[in-house]
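Peer 1: Sequence first, then the predicted structure, then my questions.
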Amino acid sequence: MDNVEKKSKKKFYKRWWFWLLVVIVLIIIASSGKKPEKVGQNTPADVTAKVSESKEFKVGDQVKMGSSIVTINKVEYSQGGQYTKPAEGNEWLNLNITIENIGKSQQYVTTLGQMFVRDGQGNSYQVSVTNKALENPGFGLDGQIIANSKRTGWVGFEIPRSATGLKFQYNDNIFGGGNIIIDLDR
């Protein structure tokens, strides 16, 4: 009986699973040192040229992070339609976004875990179902993007009408890593 009691009193930091967890966390932290870089601007000729690195980008910039190139093609604001409307005092912000996978393996995109809008007061807004999502149900960004291909779709957010200093944040993956900040010019 004493042998069983001694074994169960072993401290958690002396157990093998604790150290395995620590190693996994350290690997995740070490691999998250990616930095975004501007690789071009969305132009009619669709030319992609590497440009000097900056921390914040603008609508139309093609921003490379890891094996992804993210571009916000269009920004639209909406008060809703006949059947659906945002809450009182709010409006819908709809972003047309292209994500290009330039890697050798498929990528998975989840708008709820990787995309946010922040305002100048530090408030954060998550993806919301808007009129664009309802009008274009097959043109979402969620899902897999196979190697050397791209996906374009609408992502919507519900924000206060008075919100200013809006910035779009794209996280390279849902476990952290790098992120891209794009100024929405409002």
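Peer 2: In hand now; what should we look at?
Peer 1: Strands of this structure, start to end?
Peer 2: Listed in chain order, the strands found in the chain under DSSP state E are 37-41, 56-58, 61-65, 68-78, 90-101, 107-109, 115-118, 124-128, 143-145, 149-160, 167-173, 176-183.
Peer 1: I'd like to know which of these has the weakest mean confidence.
Peer 2: Lowest mean pLDDT within the strands of the chain: strand 37-41, at a mean of 66.
Peer 1: would you turn the strands of the chain into JSON lines with distance to I24?
Peer 2: The way it works is simple: take the backbone N, C-alpha and C, and place the C-beta from them, glycine included. Listed next are those as JSON lines, based on distance: least, Cβ to Cβ, whole Å:
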{"stretch": "strand 37-41", "distance to I24": "28"}
{"stretch": "strand 56-58", "distance to I24": "32"}
{"stretch": "strand 61-65", "distance to I24": "23"}
{"stretch": "strand 68-78", "distance to I24": "24"}
{"stretch": "strand 90-101", "distance to I24": "25"}
{"stretch": "strand 107-109", "distance to I24": "20"}
{"stretch": "strand 115-118", "distance to I24": "25"}
{"stretch": "strand 124-128", "distance to I24": "27"}
{"stretch": "strand 143-145", "distance to I24": "24"}
{"stretch": "strand 149-160", "distance to I24": "30"}
{"stretch": "strand 167-173", "distance to I24": "15"}
{"stretch": "strand 176-183", "distance to I24": "13"}
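Peer 1: and of these, who's closest to L21?
Peer 2: Evaluated over the strands of the chain, closeness to L21 peaks at strand 176-183, with 15.8 Å, by Cβ to Cβ.
Peer 1: Specify the angle between that closest one and strand 90-101 in degrees.
Peer 2: Comparing the axes of strand 176-183 and strand 90-101 via axes from the mean of the first three to the mean of the last three Cα atoms, to 10 degrees yields an angle of 120 degrees.
Peer 1: Adjacent strands (with direction) for strand 176-183?
Peer 2: strand 56-58 (parallel), strand 167-173 (antiparallel) (DSSP bridges).
Peer 1: Could you export that strand as CSV, keeping only the C-alpha atoms?
Peer 2: Taking C-alpha atoms only, strand 176-183 is exported to CSV below (Å, rounded to 0.1, in the frame of the first residue of the first chain):
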residue,chain,number,x,y,z
GLY,A,176,0.0,31.7,-33.3
GLY,A,177,3.0,32.4,-35.5
GLY,A,178,3.2,35.6,-37.4
ASN,A,179,0.5,37.9,-38.5
ILE,A,180,-0.2,40.4,-41.2
ILE,A,181,-1.8,43.8,-40.4
ILE,A,182,-3.5,45.7,-43.3
ASP,A,183,-4.8,49.2,-42.8
